[in-house]
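Undergrad: Structure here, sequence nowhere to be found:
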């Protein structure tokens, strides 16, 4: 396809995706699901699982394989913009007070879940023919462990923002733990892929590059921006040119972490967290959020749904294994995180909320398993099981969180006013 | 390249383009040039004319051919969003009062310019070997006429907005005439390409499809939106979901006019013009403009610059012809439009401003000549001449407009307050 044909296709896809997201949203929102869930389901509907199965020629016409070359990069930009905003809203002050809690929640959730995941990997490896031939047992166990560890960091961010909980203790602990979890899971994935190919340079590059990036941004870029921001505060206004330059910084940060195979979301999130608070952060959020959330972010969640093929699980035996994977995932993550939160002195209601939120795997899971499938570590069947686990844990999150938080006193750090939370 | 590699590349390109636009802007703005000129020049600098000539391997590394498959569609989205905003700011009421002036300016500018352009085409065709072999004389003359007729509709819009003139008589006449000009030039181009291939179905499809679209949107969509907007006015707020649906409408409109080979800008502009005024239009502009203008719009202007190869004009004879083309373009368009504006009773200062603005060819010219080059109607040398004409007429616009409008009384319709114009 020529760039022109791709542009025609892309304009139509964008319109169609927005319309289908809205149609799914009409039902999903009545069931208490946030917009992100509608977007995921819209993707699954438009992808091979529904539209592709019912009307293969319409699906091939609407989403030809080559158009993914446009959809994916634009989805990454949309996601990066969003994670930049989440970084901008990140409360470093609460995080510092709560760093022990975040670390505890993250570590205990990961250790328990990694153990359970590796066990599931061992069981599937030794009792079924589901892993592709030639995959070593260690790679299978490591991959299942790492992929089940992941938390839906961007999705958590979106649910917390939707419910107006970003600045609360609950929100901060969850965002902190989610960020640590995800960074660790991506590093583990790097090690798994390295152990699979036998080349550990890539893994070292990912981990070292990510660490170096965080140190550079927080240690050098952040103080420089703070000094520069004094002038902006005096003027009381961020100019359009300055805004464009901050967006350029975000793009370059996202590029670097994507380039070293860590993922664009980290670069964008860290850059957002490094931005000076006050006029600068408020202006960036006000200018970036509406369009990024309405037009570009749905592309990311829909894109992932588009690549999911649920139809592969056509035997009851496979469905049973899928159920087992799901049970291991839910128990391992939510119970361990709840326990760790309680142990660090967080009240029970909030600790339950943390457990529920950390359990959501969302689309990060889908990204990791897409990579695993592409590199031949897992089969399409295992892919579909993990995809179901991702979708079910995501669907559970919002209604259960609602139940847990319903009634009772205001959460620590929640806004005092009764203003409605932003709607997206 | 895989979608992942394209995403990595795209994030870097976006960052690099924003930084180079800013660097060029540091100089260009001192010379009284608006941001759009910096963006065009940034593209020429990053493209084969400068970076490609000085450091071919860096250029090939930074902008591999395949990455255009992402850059172009995203640039189209950026441009569509922008033209949607311009449509939203379009003052239908002033246009209706001034429709005769707009039509007069547009028609006289086009007739004179088309005649001169066709004459230039005839001269080049019969006295130089510059047209590719096998191009019929009529196609050569029609193409030169049509391509020189064009006005930089999106660029005019941007300059007018930059100077805070969108709602004035000057701004409205220019926008109206620019829209008519461009729609007519695209229709002519369709006829030229049809006369070249001998297939007139495509041309009929473009013209009929564009006309049908305008009638449908203005006759059906607009009244429906107006009725719906009463509820929004009562609430005083456009919800995020409603905003997303209006963006979907814009995408589908842009898709349709791009699909029928008219150009996405028309679909987006007409859809913007059809939006209900008041809370709806203000909300859309406030939410869409900052990010679209800062991040996505520069991509469009830079993309066009990237595709320009000035190095082809390496003989003095060719430079002379290029000068002749330029002179014919400037005289034909600005004098005829000024005359028509005067004839319809517009004061001299504003008529001069209209002539100056209509003379800017900007990037629409580059799009048309890219199509001509791709289809083999013109040679790379003629392409470079027309590209220079486009760039010079664009560079002239802002400083001369400044001279013409300097001092004197406020323009009719200009905002009364002394608030500074939006900065982009």
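TA: Good, I have the coordinates. The structure displayed is predicted, hence computed values, not measured ones.
Undergrad: And what about the closest residue to chain B within the stretch 51-200 of chain A, helix, strand or coil?
TA: Using Cβ to the nearest Cβ, the closest approach of the stretch 51-200 of chain A to chain B is made by residue A:72 at 3.6 Å. (Each C-beta comes from the backbone N, C-alpha and C, glycine too.) Of the three states, residue A:72 takes helix under DSSP: H, G, I helix; E, B strand; the rest coil.
Undergrad: The closest residue to it other than its chain neighbours: what's it in contact with?
TA: Spatially, and ignoring its direct neighbours in sequence, residue A:72 is nearest to residue B:3 (3.6 Å; Cβ to Cβ, 6 or more residues apart in numbering or on different chains). By Cβ atoms under 8 Å, 6 or more residues apart in numbering or on different chains, the residues touching residue B:3 are A:68-69, A:71-73.
Undergrad: ok, now residue A:356?
TA: A:334, A:396-397, A:400-401, A:404.
Undergrad: and it, what helix or strand is that in?
TA: helix A:348-358 (DSSP states H and E).
Undergrad: Go through the helix or strand hosting residue A:28 and flag the buried ones.
TA: Using DSSP H and E, residue A:28 maps to helix A:3-28. Using 16 or more other Cβ atoms under 10 Å in any protein chain shown as the test for burial, helix A:3-28 gives A:3-22, A:24-25, A:28.
Undergrad: And stretch A:130-139, by the same measure?
TA: Going by neighbour count (16+ other Cβ under 10 Å), the buried part of stretch A:130-139 is A:130-131, A:135, A:139.
Undergrad: Flag the shaky bits of chain A, pLDDT-wise.
TA: Applying pLDDT under 70 to chain A picks out residues A:91, A:94-95, A:194-198, A:308, A:312-313, A:363, A:367, A:407-424.
Undergrad: re earlier: quick one: contacts for the residue of the stretch 51-200 of chain A closest to chain B?
TA: Residue A:72 sits in contact with A:303, B:3-4, B:6-7, where contact means Cβ under 8 Å, 6+ apart.
Undergrad: which pair in those residues spans the largest distance?
TA: With Cβ to Cβ as the measure, no two of the contacts of residue A:72 lie farther apart than A:303 and B:6, at 13.2 Å.
Undergrad: just to revisit the earlier point, between the contacts of residue B:3, which has the most around it?
TA: Counting neighbours by other Cβ atoms under 10 Å in any protein chain shown, residue A:73 leads those with 29 neighbours.
Undergrad: That one reaches residue B:10, doesn't it?
TA: Yes: between residue A:73 and residue B:10 a contact is recorded at 4.2 Å, counting by Cβ atoms under 8 Å.
Undergrad: Mind listing the shared neighbours of these two?
TA: B:70, B:74.
Undergrad: what's near enough to touch the closest residue to residue A:295 other than its chain neighbours?
TA: In space, and not counting its chain neighbours, residue A:295 is closest to residue B:247: 5.3 Å by Cβ to Cβ, 6+ apart. The contact partners of residue B:247, taken as Cβ under 8 Å, 6+ apart, are A:18, A:294-295, B:288.
Undergrad: Go through these and name the one nearest residue B:96.
TA: residue B:288 (25.5 Å).
Undergrad: Next, the buried residues of stretch A:322-333.
TA: Taking 16+ other Cβ under 10 Å as the neighbour-count basis, stretch A:322-333 is seen to contain the buried residues A:322, A:325-326, A:328-330, A:332-333.
Undergrad: Out of the residues you listed, list just those in helices.
TA: The helices in this structure, assigned by DSSP state H, contain A:322, A:325-326, A:328-330 from the buried residues of stretch A:322-333.
Undergrad: need those in CSV with distance to chain B, can you?
TA: Listed next are those as CSV, based on distance: Cβ to the nearest Cβ, whole Å:
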residue, distance to chain B
A:322, 27
A:325, 26
A:326, 28
A:328, 29
A:329, 26
A:330, 30
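Undergrad: C-terminal to the helix or strand hosting residue A:233, what's the next element?
TA: Using DSSP H and E, residue A:233 falls within helix A:222-235. Under the assignment DSSP H and E, the closest C-terminal helix or strand after helix A:222-235 is helix A:240-259.
Undergrad: That next one versus helix A:222-235: what angle between them?
TA: 160 degrees (axes from the mean of the first three to the mean of the last three Cα atoms, to 10 degrees).
Undergrad: Check which helices and strands the following helix or strand past helix A:240-259 is in contact with.
TA: Using DSSP H and E, the helix or strand that follows helix A:240-259 in sequence is helix A:264-274. Packing partners of helix A:264-274 (3 or more Cβ pairs under 8 Å, 6 or more residues apart in numbering or on different chains; DSSP states H and E): helix A:68-89, helix A:153-162, helix A:169-197, helix A:201-216, helix A:240-259.
Undergrad: Check the spacing between residue A:254 and residue A:202 real quick.
TA: Here the criterion is Cβ to Cβ, to the nearest Å. By it, residue A:254 lies 19 Å from residue A:202.
Undergrad: Confirm for me that residue A:353 is in contact with residue A:401.
TA: Yes: taking contacts as Cβ under 8 Å, residue A:353 lies within contact range of residue A:401: 5.9 Å.
Undergrad: which residues do these two both contact?
TA: Joint contacts of residue A:353 and residue A:401 (Cβ under 8 Å, 6+ apart) do not exist.
Undergrad: Pick out the residue in the stretch 101-250 of chain A sitting closest to chain B.
TA: As assessed by Cβ to the nearest Cβ, chain B sits closest to residue A:248 within the stretch 101-250 of chain A, at 3.7 Å.
Undergrad: who touches the closest residue to that residue other than its chain neighbours in this structure?
TA: What sits nearest to residue A:248 in space, not counting adjacent residues and going by Cβ to Cβ, 6+ apart, is residue B:18, at 3.7 Å. By Cβ under 8 Å, 6+ apart, the contact set of residue B:18 is A:244-245, A:247-248, A:251, B:295, B:298.
Undergrad: What parts of the stretch 51-200 of chain A come near chain B?
TA: Residues of the stretch 51-200 of chain A lying close to chain B (Cβ under 8 Å from any Cβ of the partner chain) are A:68-74, A:76-77, A:80-81.
Undergrad: Let me have the residues you listed in CSV, extended by distance to residue A:186.
TA: Putting these into CSV (distance: Cβ to Cβ, whole Å) gives the following:
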residue, distance to residue A:186
A:68, 22
A:69, 23
A:70, 25
A:71, 22
A:72, 18
A:73, 19
A:74, 22
A:76, 15
A:77, 19
A:80, 15
A:81, 20
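Undergrad: Can you give the distance of the helix or strand just after the helix holding residue A:356 from its chain's centre?
TA: Counting by DSSP H and E, the next helix or strand C-terminal to helix A:348-358 is helix A:362-375. From the chain centre to the centre of helix A:362-375 is a distance of 11 Å (Cα atoms, centre = their mean, to the nearest Å).
Undergrad: right, and the helix or strand after helix A:362-375?
TA: Tracing the chain past helix A:362-375, the next element assigned as helix or strand by DSSP H and E is helix A:380-405.
Undergrad: Which strands or helices does that following helix pack on?
TA: Judged by 3+ Cβ pairs under 8 Å, 6+ apart, helix A:380-405 is in contact with helix A:35-46, helix A:137-149, helix A:153-162, helix A:316-330, helix A:348-358, helix A:362-375.
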